[in-house]
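Trainee: attaching a predicted model along with its sequence, questions to come.
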Amino acid sequence: MSLEAVPPATTVTEATLAPIDAIHARFEGRLVILGFGSIGQGVLPLLLRHVAMPRERITIVTAEPRGHEVAAEYGITFIETAATRENYADLLTPLLGAGDFLLNVSVDVSSVALITLCRELGALYLDTVVEPWGGLYTDPSLTPSERSNYALRESVLALPKDGPTAVLTHGANPGLVSHFVKQALLNIAAETGVPATAPVDRAGWAALAQTLGIKVIHIAERDTQAGTIPKRPGEFVNTWSIDGFVGEGNQPAELGWGTHEKTLPEDGRRHEFGCDAAIYLLRPGAGTRVRTWTPLEGPFHGFLVTHNEAISIADYYTVNDATGAATYRPTCHYAYHPCDGAVLSIHELAGKNWVMQTNKRLMVDEITTGMDELGVLLMGHAKGAYWYGSRLTIEEARRVAPHNNATSLQVTAAVLAGVIWAIENPNRGPVEADALDHERILEICAPYLGDVVGEYSDWTPLENREHLFPENVDRTDPWQFENFRVR
């Protein structure tokens, strides 16, 4: 297999980084951080470093004592109270008003309810995932479609379009990866001789992707972080939110569905409402694997776990004809190989018929080695496949930011950038990552992403297939979903 690195112009170097202590925004309002797990604890020092605001105007509201010592370290008010369907409005209303900010990094608290409350109060808002009230992900009375991220996204998109800015699903993925896609498109255009300046609207970006011939976009991620404590039986370990990972892993596998796809999978279903940019499978994401590729790992099997960006990216890059029918759309989905301890945890979880282990351990301080290689893999263009993204080691993450590992820092850097963008653009209503200024976001995130690189490859999911056993593959088009899916 050949591997061709992109020229230096598309690689983030020390010379292009903003200063690590740069003040990017000033904020006079109050800030409420709802939830204080790994992401809340990791983003707090970044906010204090890059947003000029009084610490006494920051309040943490969380359901558990975890993180109390971090709040005390920075002198931040800490309220240990769970936000519930019954009390969230009474709990948050005294803490928020016009011009204030609700940073939602909680789980099991409805994003729609919180965005609606912020709209009524005149407060800005950001979350990293569209969350429902607790229990929806595993409610057997609901259909897979009703439990999907597609349905959750549609519920947010149905909200009024005006009002204070509410940045939707802006962590690493979903979030940061949408900005990687835009930069990757510009890089491919430059390398293939396609004249292109950064488009100014959604139609322009979709036209560029169509012109380049992008058929498939993977959010291709390999986490190699490892620590001193091995996974124990009956324990789920991970480098980021365990409840969040298990929740989305129990949802149906979902993917944006491209116009080049020939046949719907036999277990694939379309939704009967909404934008129709995605399908779902009658299988949990944590039980569905796909073939993918990253530069350092090479080929590997990743889990097709549902994520908002699989739907929003496919939707954003759709080209419609005069009748409204889609004439171009890329297939898009997550392809995730978590840390090895998490893979063992998923194997055990599946063996218990998706009933979660009793014990949970978030890996932070015990990590001794490894990195998170997170990027987007764009396939089908003139040069085959192109991966663009972040290679962040645990050593670099600890050097540049406290209370983070490599995985969490890719998330918290994007949260920081989304908060700053909302402060700079306070009256945009609900807005997804795909519609934000990718250059501004990447500028803010750059010091926290390690090496940001792009590499071309001639890899396809047909590589070395049928070497030992016969397989049902489509050799006329390597970019069909059935070629990526692991059976």
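Mentor: Sure, I can see it. Numbers count the residues shown, from 1 in each chain.

Trainee: longest helix in the protein, please.
Mentor: Criterion DSSP state H: the longest helix present in the chain is helix 406-424.

Trainee: what residues of that helix count as buried?
Mentor: Using 16 or more other C-beta atoms under 10 Å as the burial criterion, the residues of helix 406-424 that qualify are 406-423. C-beta coordinates here come from the backbone N, C-alpha and C atoms, glycine included.

Trainee: where along the stretch 51-200 of the chain do the strands fall?
Mentor: Taking DSSP state E, counting those that start in this stretch to define them, one finds strands in the stretch 51-200 of the chain at 51-52, 58-62, 77-80, 101-104, 124-127, 166-168.

Trainee: export those strands to a markdown table and tack on mean pLDDT and distance to Val473?
Mentor: Compiled in a markdown table, the strands of the stretch 51-200 of the chain are given as follows (pLDDT from 0 to 100; distance: least, C-beta to C-beta, whole Å):
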| stretch | mean pLDDT | distance to Val473 |
| --- | --- | --- |
| strand 51-52 | 98 | 51 |
| strand 58-62 | 98 | 49 |
| strand 77-80 | 98 | 54 |
| strand 101-104 | 99 | 43 |
| strand 124-127 | 98 | 40 |
| strand 166-168 | 98 | 37 |
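
Trainee: picking that back up, toward the C-terminus from the longest helix of the chain, list the very next helix or strand.
Mentor: Taking DSSP states H and E as the definition, the helix or strand that follows helix 406-424 towards the C-terminus is strand 430-432.

Trainee: return the distance of that next one from the chain's centre.
Mentor: Strand 430-432 has its C-alpha centroid displaced from the chain centroid by 14 Å (C-alpha atoms, centre = their mean, to the nearest Å).

Trainee: other SSEs contacting that strand?
Mentor: Helices and strands touching strand 430-432, as assessed by 3 or more C-beta pairs under 8 Å, 6 or more residues apart in numbering; DSSP states H and E, comprise strand 166-168, helix 308-316.

Trainee: identify the residues contacting the last one?
Mentor: By C-beta atoms under 8 Å, 6 or more residues apart in numbering, the residues outside helix 308-316 that reach it are 129-130, 149-150, 152-153, 168-169, 173-175, 177-178, 181, 202, 205-206, 217, 219, 254-258, 275, 277-278, 329-334, 432-435.

Trainee: low-confidence ranges, the stretch 201-350 of the chain, go.
Mentor: In the predicted model, the stretch 201-350 of the chain carries no residue with pLDDT under 70.

Trainee: just the helices in it please.
Mentor: Remark: helices assigned in the stretch 201-350 of the chain by DSSP state H, counting those that start in this stretch are 202-212, 242-250, 308-316, 340-351.

Trainee: redo those helices as JSON lines? Include mean neighbour count.
Mentor: As requested, those are arranged in JSON lines below (neighbours: other C-beta atoms under 10 Å):
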{"stretch": "helix 202-212", "mean neighbour count": "18"}
{"stretch": "helix 242-250", "mean neighbour count": "22"}
{"stretch": "helix 308-316", "mean neighbour count": "27"}
{"stretch": "helix 340-351", "mean neighbour count": "18"}
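
Trainee: end to end, how far does stretch 359-372 reach?
Mentor: Counting by C-alpha to C-alpha, to the nearest Å, the length from the leading to the trailing residue of stretch 359-372 is 24 Å.

Trainee: my guess is Gly341 meets Val237, correct?
Mentor: Yes - when contacts are counted by C-beta atoms under 8 Å, Gly341 is listed as touching Val237 (4.2 Å).

Trainee: now the common contact residues for these two.
Mentor: The overlap between the contact sets of Gly341 and Val237 (C-beta under 8 Å, 6+ apart) consists of 231, 363.

Trainee: which of the contacts of helix 308-316 are buried, as a ChimeraX select command?
Mentor: If you want just the buried ones from those in ChimeraX, going by 16+ other C-beta under 10 Å, the selection is:
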select :129,130,149,150,152,153,168,169,173,174,175,177,178,181,205,206,217,219,254,255,256,257,258,275,277,278,329,330,331,332,333,334,432,433,434,435
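
Trainee: can you pull up the most central residue in this protein?
Mentor: Computing the C-alpha centroid of the chain and ranking residues by C-alpha atoms, centre = their mean puts Asn173 first, at 1.0 Å.

Trainee: still on that earlier bit, nearest to Glu366, out of the strands of the stretch 51-200 of the chain?
Mentor: Ranking these by distance to Glu366, with C-beta to C-beta as the measure, places strand 58-62 first at 22.8 Å.

Trainee: quick one, domains of the protein?
Mentor: By the assignment in automatic domain parsing, the chain contains the domains 18-168, 176-407+438-484.

Trainee: Asn427 is nearest to which of those domains?
Mentor: Proximity of those to Asn427 was assessed by C-beta to C-beta; the nearest stretch is domain 18-168, lying at 6.5 Å.

Trainee: what's the spacing between the closest one and its chain's center?
Mentor: The chain centroid and the centroid of domain 18-168 are separated by 16 Å, computed with C-alpha atoms, centre = their mean.

Trainee: skipping adjacent residues, who's closest to the residue nearest to the centre of the chain in space?
Mentor: Nearest in space to Asn173, with sequence neighbours left out and distances taken as C-beta to C-beta, 6 or more residues apart in numbering, is Ile219 at 5.1 Å.

Trainee: ok, Arg283 next?
Mentor: For Arg283, the closest residue by C-beta to C-beta, 6+ apart turns out to be Ala253, at 5.6 Å.

Trainee: quick check: that neighbour touching His307?
Mentor: No - counting by C-beta under 8 Å, no contact exists between Ala253 and His307, whose distance comes to 10.4 Å.

Trainee: of these two, who's got more company?
Mentor: Remark: of Ala253 and His307, Ala253 carries more neighbours, 30 against 27, as counted by other C-beta atoms under 10 Å.

Trainee: which ones are touching the more buried one?
Mentor: Residues near Ala253 by C-beta under 8 Å, 6+ apart: 280-281, 283-285, 287-288, 304-306, 333.

Trainee: also Trp479?
Mentor: The contact partners of Trp479, by C-beta under 8 Å, 6+ apart, come to 215-216, 260, 331, 379-380, 460.

Trainee: check contacts around the closest residue to Glu463 other than its chain neighbours.
Mentor: In space, and not counting its chain neighbours, Glu463 is closest to Pro299: 6.4 Å by C-beta to C-beta, 6+ apart. When the contact criterion is C-beta under 8 Å, 6+ apart, the partners of Pro299 are 291-293, 459, 463.
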